[in-house]
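Visitor: Structure here, sequence nowhere to be found:
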């Protein structure tokens, strides 16, 4: 019996010593989100197919694609690919690729391959994660459950829903 208890104690000690400590995980926004609606300052709401978009956040990268049409059928589309870091203290991004095609504003197609970086503070409260997307005049992002709200004051409020 003593021998069995000794064996169990040694086995338990080996298991406990071999366990790798788990690193504390920071906030996560991983997932794929689909644009479901845009609220405009005049109180109107735009929904697909007049606009549509998809954003995917992996552990380290963000891929973003969106388009919208105006009343005359002109379109604007934006596509970005970025590397990011999210901690409880801040959100940082580095541009890898940014493309905009703005028929509505009349500026046409533009590309940016610069590796410009930017950052913003993060507010986390009651499961809500909030920060500014720091590059190319992008909106303030608020993640709450399976929803993402992206706001540019005076221009729009976009409503995104996690699809994956």
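Guide: Thanks, I have it. Only a predicted model underlies this, so the values are computations on that prediction, with no experimental measurement involved.

Visitor: Show the contacting residues for the residue nearest the centre of the chain.
Guide: Residue closest to the average C-alpha location in the chain (C-alpha atoms, centre = their mean): residue 57, at 5.1 Å. Residue 57 is in contact with 29-32, 84, counting by C-beta atoms under 8 Å, 6 or more residues apart in numbering. All C-beta spots, glycine's among them, are computed from the backbone N, C-alpha and C.

Visitor: Pick the one among those closest to residue 71.
Guide: Residue 71 lies nearest to residue 32 out of the contacts of residue 57, by C-beta to C-beta, at 29.8 Å.

Visitor: where's the closest one, which helix or strand?
Guide: Using DSSP states H and E, residue 32 maps to strand 31-39.

Visitor: Same list as before, the contacts of residue 57 that is, but in a markdown table and with distance to residue 142, neighbour count and pLDDT included.
Guide: Listed next are those as a markdown table, based on distance: C-beta to C-beta, whole Å; neighbours: other C-beta atoms under 10 Å; pLDDT from 0 to 100:
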| residue | distance to residue 142 | neighbour count | pLDDT |
| --- | --- | --- | --- |
| 29 | 11 | 18 | 96 |
| 30 | 16 | 12 | 97 |
| 31 | 14 | 16 | 97 |
| 32 | 17 | 15 | 98 |
| 84 | 16 | 19 | 98 |
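
Visitor: can you redo those as TSV with distance to residue 61?
Guide: Formatted as TSV, the contacts of residue 57 follow (distance: C-beta to C-beta, whole Å):
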residue	distance to residue 61
29	12
30	10
31	13
32	12
84	7
